[in-house]
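In: Predicted structure and sequence below. I'll ask about it afterward.
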Amino acid sequence: MRYLPLTGADRTAMLAAIGAPSVDDLFRDVPVSARLPGPVDLPAHLGEWEVEKAIAAMAARNRHSGDLASFLGAGAYRHHVPAAVDHLIQRSEFLTSYTPYQPEIAQGTLQYLFEFQTQVGMLTGMEVANASMYDGSTACAEAVEMARRITGRKRVVLSGNLHPHYAEVIRTLGALHETDIVQDAPRPAGGEALVPALDKATACVVVQYPDVFGNIRDLSALAAAAQANGALLVVAVTEVVSLGALVPPGAMGADIVVGEGQGLGGGLGFGGPYLGLFATRAKYVRQMPGRLCGETVDAEGRRGFVLTLSTREQHIRREKATSNICTNSGLCSLAFTIHLSLLGEAGFTKLAALNHARAVQAAQALAAVPGVSVLNPAFFNEFTLKLSREAAGVVEALVAKGILAGVPGARLWPGQADLANILLVAVTETNTTAEIEAFAAALAEVLA
Amino acid sequence: MMNRQGRPTAPGEGAAGRIETVLGHRGLDHEEALIFEIGQGGRSGVDLPDVPAVESRLGGLARNDTIGLPGLSEPQVVRHYVRLSRRNYAIDMGLYPLGSCTMKHNPRLNEKLARLPGLADLHPLAPLSTVSGAIELMGTLAHWLKVLTGMPAVALSPKAGAHGELCGMMAIRAAHVAKGEGALRTRVLVPESAHGTNPATAAYCGFKVDPVPATEDGRVDLAALKAKLGPDVAAIMLTNPNTCGLFERDILEIAEAVHGVGGYFYCDGANFNAIVGRVRPGDLGVDAMHINLHKTFSTPHGGGGPGSGPVVLSDALAPFAPLPWVVETDGGYTLVEAEAGESFGRMAAFHGQMGMFVRALAYMMSHGADGLAQAASDAVLAANYIQAKLSDVMTAAFEGPCMHEALFDDRFLKDTGVTTLDFAKAMIDEGYHPMTMYFPLVVHGAMLIEPTESESRESLDAFIAVMRALATAAKAGEVERFTGAPHYAPRRRLDETAAARKPVLRWTPAVPVQAAE
Amino acid sequence: MTVKYTKDHEWIAVTGSTGRVGITDYAQSQLGDIVFVELPAIGKALEKGGEAAVVESVKAASEVYSPVTGTVTAANEPLADEPALVNSDPRGEGWFFEVELADASELDGLMDEAAYKDYVASLD
């Protein structure tokens, strides 16, 4: 076994030192009836090449986004990740280290977490950010819980245009705490009126920006209305690159901004691991879930970093913790930080502008196809088409033409007939003009 | 002795004293500023094509402030993060004896496979017809987990161990509600030695946490447990092997007693590495158990995540599993995303930590049924070896064989002026990451050492020699060696009090940032 | 002024019907450097033995329980910025809150200084 250093002779010598007759003897506390007599019914060990062959065969049965022209979004976006990112996150010292509980020998991790927190604060326009959560959806549910703690209220208003998976996670956790969740129907063309839904019993209102259909709108009035009612505005951003082009939620009065950070540094990865972003106002920091890294000095007066305010967390507060979260998304936050550092101000804003420009081109090309209308008045890099027939079948037909056309309404809102003809289309810097033209042409053929 | 260039090859006089260097670097140990202090506007490490001229559709919401990001070229960024990396300890550098964390070797094959485009470059909402291989991989992983645990079902979507605990406890809650006992079942029993996540999870689910005391031999007090049982008990949350590194001998009776009052048995699977391939939790009466893929199945810890925490479930709990799930069909697997049934809901967007699934499956296939059992055996052997070799100079918390981790208390440091913390920091000077300290809470000044199966005997012997020498030095009164430690790390001890009293949680520019052009 | 102590290491100094509450020197020395104090809101109704405040060191968070039943009339706001006062002057500037006593007879069940000293000596 290539991963196991002990030899038969080692094992014998070690047993002798212990004074045990056999390894089985060390398992003597296990009830006899629960000891397996032999190996379980699974294959025996394999060499590296054999494992690679077996798993590569599974990989080969997939048609990946690089093989096709992909216009899939709806919470996960395909951006180009520079080669340096993947190289750096695979350095042993980052990849194979634990949570930085011994700060003297974990300054590498701690310093990048501090950089990460700063970057997330800058992007979202918020004062403080934590060292990451599991993903955008769980961060969003945690934000709702935090708003409940801060306000002491149980009523939560969700935008109908919040990603359905995010809403489901909030409902699932909300069921634990008798949360009264109010949500309107989805409105693909935007224009949802949330202000009338707010009242003095509302803990928070949760909106997505851009929303799940790609719509963007000024949230300042909603923030003011929430504030007037003593409620918090929670803004969820699923496409982090949008923050290079759009007014940040913090500037519009958001109290908590959560996001999916996968778009920077992370690949699509079939849904995980992803990166939960979580930022808020400084005054709420002690109500915040998750790890936090802070600056301090060492015994020689040199700047250093430590995990701090950990009394909020489960390993100290136990049943009184703000959340049961333990692990964060360390390595994904590193990838995010490196990717954003490579881009810099100029690169990040240009990347966002490029995404928007390509999306505008695509929207124009697709709107020209008979039987297609673009529903969004304003958008960043994702928009919604209404097709003359059910979108799911159109998507399947376009796969045969080498195009992943988008996410059909039926995938996210199963059984909802009024959304069956809806197609969510995302366009990033990885989509070429030729791909956009091919998409439009193929869609015209399929709908004809 | 001189070499051919006439330079001394051994340190001469004066080498012992520390000198102040110009930039604060100490040889290979580079001081490194924050990225924001290095870059300047305009530069970028990424080349992008020109932006086509289009009419903006941003609806008047174009960002008009300066974000404040620094601008750096690729070599600057690479150097910055390489330098930072060198300030970390890592498994690839040496033994990492963090008890309860299972810091074992991370095979690089697993990294390679997780990056195959056919797995890494898949969108989670891609048409299911294009991702059959990915679903097959999830189904195969599920099969391995079910067989290894002897459990009939598994929920793959939880994103980490604590998330898995939440999943298991929510399934338990849902099962009670389905039986009309939701309002009745309010109490969850949690041993005092439990991980902090256990009471946090139970409380998060709305249960009242009722601590169960331990016996003097470090195990659940069965009599005390039975005295606490009643019709209001929803579940017990028990780690086995437990956090003292011991197997709960009375496990079958515990399970039977809890089941007897209609409660469920949640097992914290953090320590599954000790028994994988040798003992199946399903044979111990477990109803739900999370499996930290980043512990037992070696997906990298990555400085604190990402993890992955699939939860195996008994027949009683399986109907309540969260969406989505993978079902085996004729000649393949299918992903079920929408058909709710009795499912308690959804724990996260999409389908789980696919990248971790690939790594864990590669790890399992590499070991096979035989190799996994051998790994558990070696992990237990190594921990017992350490316990045996240190028990005369340190004080083992409990007698008898341990499982995969050896637990010591601080009695051997009594009256030395050295604490468990000091001892841990001195280990850093010796080139080791300290063991888990002050956990479990039931042992005074706890030192929990988990060597894992990844260490050679030579490596274990070197570690043992260091621990013995430190224990001897502490007793001999060499206090400064401990209280001043670490002396040889990128940083000396850090002022955590100052950090907590006046939190500085992000960098702020000393002068206003110049607008980028 | 009467000063009484609880087994949870709170002190209460009573003048008239008002009691000022803090934690003892022994408690602050056990906790170590205090980094944060969460105080009750003025007007909050407290139960004897109920949670009234939270005191945090770097590695621990502890509840401060009210020695008596009553209503909060004042909180020591400077602790928000200077939690270290609890370490430097636990019986003076490091006080936590003041409470209007509902039932002065509750004080009878608490320890006086000598009894508390004996109690601390019996620990450890």
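Out: Arrived safely, thanks for sending.
In: For chain C, give me the ranges with low pLDDT.
Out: Across chain C, the ranges flagged by pLDDT under 70 are C:124.
In: any idea which helix or strand carries the most centrally placed residue in it?
Out: When chain C is reduced to its mean C-alpha position, the nearest residue by Cα atoms, centre = their mean turns out to be C:Gly22, at 2.7 Å. Per DSSP states H and E: C:Gly22 is located in strand C:18-23.
In: Name the residues of that strand that are buried.
Out: C:Gly19, C:Arg20, C:Val21, C:Gly22, C:Ile23 (16 or more other Cβ atoms under 10 Å in any protein chain shown). All C-beta spots, glycine's among them, are computed from the backbone N, C-alpha and C.
In: There's contact between the fourth one and C:His9 in this structure, I believe.
Out: No: the pair C:Gly22 and C:His9 fails to qualify as a contact (Cβ atoms under 8 Å) at a distance of 9.8 Å.
In: joint contacts of these two?
Out: With contacts taken as Cβ atoms under 8 Å, 6 or more residues apart in numbering or on different chains, C:Gly22 and C:His9 have no neighbour in common.
In: mind putting the buried residues of strand C:18-23 in a markdown table, distance to A:Val182 included?
Out: Supplementary listing: the buried residues of strand C:18-23 in a markdown table, determined by distance: Cβ to Cβ, whole Å:
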| residue | distance to A:Val182 |
| --- | --- |
| C:Gly19 | 44 |
| C:Arg20 | 45 |
| C:Val21 | 42 |
| C:Gly22 | 44 |
| C:Ile23 | 43 |
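In: Closest to B:Ala224 out of those?
Out: C:Ile23 (31.2 Å; Cβ to Cβ).
In: circling back to that earlier point, for the residue nearest to the centre of chain C, list each beta-bridge partner.
Out: Using DSSP bridges, the beta-bridge partners of C:Gly22 come out as C:Trp11.
In: for it, what are its contacts?
Out: Listed by Cβ under 8 Å, 6+ apart, the contact set of C:Gly22 reads C:Glu10, C:Trp11, C:Val86, C:Pro90, C:Arg91, C:Gly94, C:Trp95, C:Phe96.
In: 10 Å instead?
Out: By Cβ atoms under 10 Å, 6 or more residues apart in numbering or on different chains, the contact list for C:Gly22 reads C:9-13, C:28, C:53, C:55, C:64, C:76, C:79, C:85-86, C:89-97.
In: Around chain A, pick out the residues from chain C.
Out: Remark: the part of chain C in contact with chain A comprises C:35-36, C:38, C:51, C:54-63, using Cβ under 10 Å from any Cβ of the partner chain.
In: Those also near chain B: which ones?
Out: Within the set of the residues of chain C next to chain A, contact with chain B (Cβ under 10 Å from any Cβ) is found for C:Val35, C:Phe36, C:Glu56, C:Ser57, C:Val58, C:Lys59.
In: Doesn't B:Asp217 lie inside a helix?
Out: No: remark: B:Asp217 does not belong to a helix; assigned using DSSP: H, G, I helix; E, B strand; the rest coil, it is coil.
In: how much space is there between it and chain C?
Out: For B:Asp217, the distance to chain C under the criterion Cβ to the nearest Cβ, to the nearest Å works out to 24 Å.
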